[in-house]
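In: Okay, sequence plus prediction incoming.
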Amino acid sequence: MSSLLDQAFAEIRKLTDAEQEEVAAWILAELEDDRRWSDSFAKSTEKLKELAAKATTQLSHRSADIENPWRKLPIESPFVLRSDEPAIKKHNVKFKNRSPFKIQTTQVIPEPYVGNVATAKVLILLLNPGYDYRNRKSHSDPAFRAALLKNLRHEKTEWPFYFFNPDFCDKLHPGCDWWLRKTKKLRQHVCIEQLSQKLAVVEWFPYKSTQFKSGCKVPSQQYSFELVRQAMSRDAVLIIRSKTRWLKTIPELNTYKNALEFSSQNAAITPNNLCVINDSQIDPWDLLLSAFKE
């Protein structure tokens, strides 16, 4: 099988069962039109390559046009997408109200990504947004909530990475303090205004919990995964936490040239806490800083 076919089938396997059926039916119909299905599959490599190229193009267009589900997030509690609600209810019923594994949807808004993920030069891939009691006050702040919701809808703002907005750098907004600490070393080389424009975060699971518990998957995750694939297509630098989970979800990351990982569970962005995922000899810190200079 050619590398082009490998690429096409790899893309097809990312689709839902229904979408896979749609693409398969289209390929079969094309071959049947030539009245040589059996011979073509066994012998006509060029025909299969042509069809694979068309299928890949269609999939690319489908990905580019994927709808942002977070535009449909309710503006009143519970803050959960209708498509995600069944899975979250099924998960939460297993735990008591005070369980750290409970997915929070009543007083806090999901944060599947932060920053301008469509153009960011550097993406940090994390597991899920953490929760503590201070988030309730933070998310009830009208200005912070407005910034968060605009980010979910990909609306243009002065501070796309809203945790760097000086207006939110106080005790009411714990996420701001967390990110300022994690980027302390990086901010010695890149100004905070530039970080806000060129740095973004994508979470593997979009909803908040005190501790992450495996087992719950929701449809909206597919949009986040597509954002990562689009970042790869523009050669963005990716810094990965929870590497095993991310590489299983997006296998292309295994060989992606600009993929870095944290050397420890600490997500501090420092020269000693970054390493390359593949066998590249490039210095990870140099790669990171060069991305912000573009």
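Out: It's in.

In: Would you check how far apart the residue nearest to the spatial centre of the chain and residue 286 are?
Out: Nearest to the mean C-alpha position of the chain, by Cα atoms, centre = their mean, lies residue 224 at 3.5 Å. Look at residue 224 and residue 286: by Cβ to Cβ, to the nearest Å, they are 28 Å apart. Where C-beta positions appear, they are placed from N, C-alpha and C, glycine not excepted.

In: Could you do residue 140 as well?
Out: Counting by Cβ to Cβ, the separation of residue 140 from residue 286 is 42 Å.

In: and what of residue 149?
Out: The spacing between residue 149 and residue 286, counted by Cβ to Cβ, is 37 Å.

In: quick one: which of these two has more around it?
Out: residue 149 (16 against 10; other Cβ atoms under 10 Å).

In: Would you mind listing the buried residues in the helix or strand that contains that one?
Out: Take DSSP states H and E as the rule and residue 149 turns out to sit in helix 142-152. Across helix 142-152, burial judged by 16 or more other Cβ atoms under 10 Å covers 144, 147, 148, 149, 151, 152.

In: same for it, what does it pack against?
Out: Applying 3 or more Cβ pairs under 8 Å, 6 or more residues apart in numbering; DSSP states H and E, one finds that helix 142-152 contacts strand 113-114, helix 134-140.

In: For that helix, the averaged confidence score.
Out: This predicted structure assigns helix 142-152 an average pLDDT of 97.

In: same deal with stretch 235-253?
Out: Summarised as a single mean, pLDDT over stretch 235-253 is 96.

In: Just the endpoints, please. Distance across stretch 245-257?
Out: As for stretch 245-257, its first-to-last residue distance stands at 19 Å under the measure Cα to Cα, to the nearest Å.

In: Check stretch 157-176 too.
Out: Where stretch 157-176 starts and where it finishes are 17 Å apart, if you go by Cα to Cα.

In: May I see the buried residues of it?
Out: Buried, per 16+ other Cβ under 10 Å, within stretch 157-176: 159, 160, 161, 162, 163, 164, 165, 168, 173, 174, 175, 176.

In: Which ones among those residues map onto helices?
Out: Using DSSP state H, the subset of the buried residues of stretch 157-176 located in helices is 174, 175, 176.

In: would you turn these into a markdown table with distance to residue 207 and pLDDT?
Out: Converted to a markdown table, those look like this (distance: Cβ to Cβ, whole Å; pLDDT from 0 to 100):
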| residue | distance to residue 207 | pLDDT |
| --- | --- | --- |
| 174 | 17 | 91 |
| 175 | 15 | 93 |
| 176 | 20 | 95 |
